[in-house]
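Novice: just the structure for this:
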Amino acid sequence: MVTKIFLQNLNYWGPRVCSPLPFLLDHARSFSLWSMKKDPDLESSLSRNRRWIVNNQIKNIILRYPAQVAPVKFIQKKFKTLDLKGKALNWLKKYPCCFNVYLEGDEYYCQLTKRMMSLVEEEETVKDIQEPVLVKRLTKLLMMSSNHRLNVMKLNELKRSFGFPDDYLIRIVPKHPKTFRIVNYSGRRSAMEIELLSWNPDLGVSAIESLGHSQGSEPQFSCTLPSTWVKSWERFCEFNATPYISPYLDTSHLVEGSKEMEKRIISLVHELLSLTLWKKLSIVKLGHFRREFGLPEKLNVLLLKHPGIFYVSNRYQIYTVLLREAYNGSELIDKDPLLVVKEKFGALMQEGLHEYNQRHHLMNLEKKRKKGTMMGSSAKKKPRSSEISEQDDHEGNLGGLLDPEERKRFYKVLFDDPAS
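Specialist: The predicted model follows:
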């Protein structure tokens, strides 16, 4: 509301005179990311499961440890890098379907459960099968870059989005010496790059062009906005009426700020998103490739001009761009095989957490019953307690969960680290 009033005040100047405060325009643009209408389904798809991310990192820590059995003390030391507080032992015990914690001597150890190891093996199998796909994906990224090179440190920030394994520099690049090579022209460690050695014209076809060819039509963007978004539809049709410009073409002849350059940038972002697993990317991380992909400084402003193609969100204070056409409601239409395995891991983790919560729920109820038995003799002196107890019976014997203090202790057991 504040932003709307602010922009209305700016519009007061209109085309009649130049604004005496040009810096206000830049300030207004800083609020522009809030202007896209929220889509509940797409916002739901952007929900990031922090527990999944942490447990996936713990899984990798255990797999790298000798015999794939890690002391809990060692995992505890890694908690700071995982941005976690509390005791590692308590965290690991919350996921019995994923982690097997046992005591040997005076020290606790942790290893992956059989079901978890089965998913790890399945993930490795999928990675081997998908390796040709990953090679093509990396090749296409390099083909779209201005000098056919990408900085390794920058690419590492997005490697999981594109499905590249952590060891892709060792696992994939050396196997294809005629396609890739590692270079470092400045000698600095941070300047290491992957360079494309050979151009593959068969891969220089975008997802938009491929769809157009299969349908026997000219390559065009698609729009999934509701018909009630009249103005957005009008702008989309006007934009779509101009010829499509492939992100794999040389753009040295295009003028910066022109409609042709805008078309090329939108085509490039669309292609980048189509190559990711979740069809979404962090705008901030994408902005790190401004020089390599010729992206504008205010990429977010440009993306917001095309709500029919992209959805921009600020969920968790992380600006993310998502490809609208890739989703049906909150679900991805086409899921990468690697993503299917990752979802199985998430389901296993949730199963373990549910088991943990149920067990502690029952323990809490049992403690409450024992406490109620011991205080039975004084029940007559406390009619309010009897009232609550009778209410508990009518509510399905919740064991005093309607009592605020008891509910507070209950949720502390479920979600907090017990003080010990």
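Novice: all strands for this structure, in order.
Specialist: Along the chain, counting by DSSP state E, strands occupy 69-71, 99-104, 107-112, 149-151, 180-183, 193-196, 280-282, 310-313, 320-323, 327-328, 331-332.
Novice: can I get those strands in CSV with mean pLDDT?
Specialist: CSV is the format used below for the strands of the chain (pLDDT from 0 to 100):
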stretch, mean pLDDT
strand 69-71, 92
strand 99-104, 91
strand 107-112, 93
strand 149-151, 93
strand 180-183, 93
strand 193-196, 94
strand 280-282, 90
strand 310-313, 88
strand 320-323, 91
strand 327-328, 90
strand 331-332, 87
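Novice: would you convert the ones you listed into CSV that also reports mean neighbour count and distance to R359?
Specialist: (C-beta placed from N, C-alpha, C; glycine too.) Compiled in CSV, these are given as follows (neighbours: other C-beta atoms under 10 Å; distance: least, C-beta to C-beta, whole Å):
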stretch, mean neighbour count, distance to R359
strand 69-71, 17, 24
strand 99-104, 14, 14
strand 107-112, 18, 19
strand 149-151, 18, 48
strand 180-183, 15, 50
strand 193-196, 20, 48
strand 280-282, 19, 36
strand 310-313, 22, 36
strand 320-323, 22, 36
strand 327-328, 15, 36
strand 331-332, 14, 32
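Novice: what's the first-to-last distance across stretch 307-327?
Specialist: Terminal residues of stretch 307-327 lie 14 Å apart, using C-alpha to C-alpha, to the nearest Å.
Novice: for stretch 333-341, buried residues please.
Specialist: Under the neighbour-count criterion of 16 or more other C-beta atoms under 10 Å, stretch 333-341 has 336-339, 341 buried.
Novice: tell me how far N300 lies from V284.
Specialist: As judged by C-beta to C-beta, to the nearest Å, N300 and V284 stand 9 Å apart.
Novice: can you check L362 too?
Specialist: For L362, the distance to V284 equals 45 Å [C-beta to C-beta].
Novice: can you pull out the helices in the stretch 201-350 of the chain?
Specialist: Assigned by DSSP state H, counting those that start in this stretch, the helices in the stretch 201-350 of the chain fall at 207-215, 230-240, 259-274, 283-287, 290-293, 299-304, 337-374.
Novice: so which of the ones you listed comes closest to R64?
Specialist: For the helices of the stretch 201-350 of the chain, proximity to R64 was assessed by C-beta to C-beta; helix 337-374 is nearest, at 17.2 Å.
Novice: what's that closest one packed up against?
Specialist: Contact here means 3 or more C-beta pairs under 8 Å, 6 or more residues apart in numbering; DSSP states H and E; on that basis helix 337-374 packs against helix 50-64, helix 114-144, helix 404-415.
Novice: ok, now how distant is P337 from S222?
Specialist: 25 Å.
Novice: likewise for N328?
Specialist: Using C-beta to C-beta, one obtains 13 Å as the distance from N328 to S222.
Novice: on that earlier part again, neighbour count for N300 and V284, which is higher?
Specialist: For N300 versus V284, neighbours defined as other C-beta atoms under 10 Å are more numerous around N300 (21 against 13).
Novice: correct me if wrong: that one contacts N314.
Specialist: No. Using C-beta atoms under 8 Å, N300 is not in contact with N314, being 9.8 Å away.
Novice: related to what we said a few turns ago, in the buried residues of stretch 333-341, which has the lowest confidence score?
Specialist: On pLDDT alone, L339 ranks lowest of the buried residues of stretch 333-341, at 86.
Novice: buried ones in stretch 158-166?
Specialist: Those would be 158, 160-165, for stretch 158-166 by 16+ other C-beta under 10 Å.
Novice: quick one: average pLDDT of it?
Specialist: For stretch 158-166, the mean per-residue pLDDT is 90.
Novice: need the residues that contact it.
Specialist: Contact partners of stretch 158-166, identified using C-beta atoms under 8 Å, 6 or more residues apart in numbering, comprise 60, 127, 130, 134, 137-138, 141, 155, 168, 171-172, 275-278, 280-282, 285-286, 336, 338-339.
Novice: from the chain's centroid, how far away is it?
Specialist: 12 Å (C-alpha atoms, centre = their mean, to the nearest Å).
Novice: now that stretch - C-alpha only, PDB.
Specialist: Only the C-alpha atoms of stretch 158-166 are listed here, as PDB (Å, rounded to 0.1, in the frame of the first residue of the first chain):
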ATOM      1  CA  LEU A 158      23.900 -23.300  -9.100                       C
ATOM      2  CA  LYS A 159      25.200 -26.900  -9.600                       C
ATOM      3  CA  ARG A 160      22.500 -28.500  -7.600                       C
ATOM      4  CA  SER A 161      19.800 -26.500  -9.400                       C
ATOM      5  CA  PHE A 162      21.100 -28.000 -12.700                       C
ATOM      6  CA  GLY A 163      21.400 -31.500 -11.200                       C
ATOM      7  CA  PHE A 164      25.200 -31.600 -11.300                       C
ATOM      8  CA  PRO A 165      26.800 -33.800  -8.700                       C
ATOM      9  CA  ASP A 166      29.300 -32.300  -6.200                       C
END
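Novice: neighbours around the residue nearest to G212 when sequence neighbours are not counted, how many?
Specialist: In this structure, G212 finds its nearest non-sequential neighbour in P219, 3.8 Å apart by C-beta to C-beta, 6 or more residues apart in numbering. By other C-beta under 10 Å, the residues close to P219 number 19.
Novice: isn't I62 right next to Y109, touching?
Specialist: No. At 9.9 Å, I62 does not count as touching Y109 under the criterion of C-beta under 8 Å.
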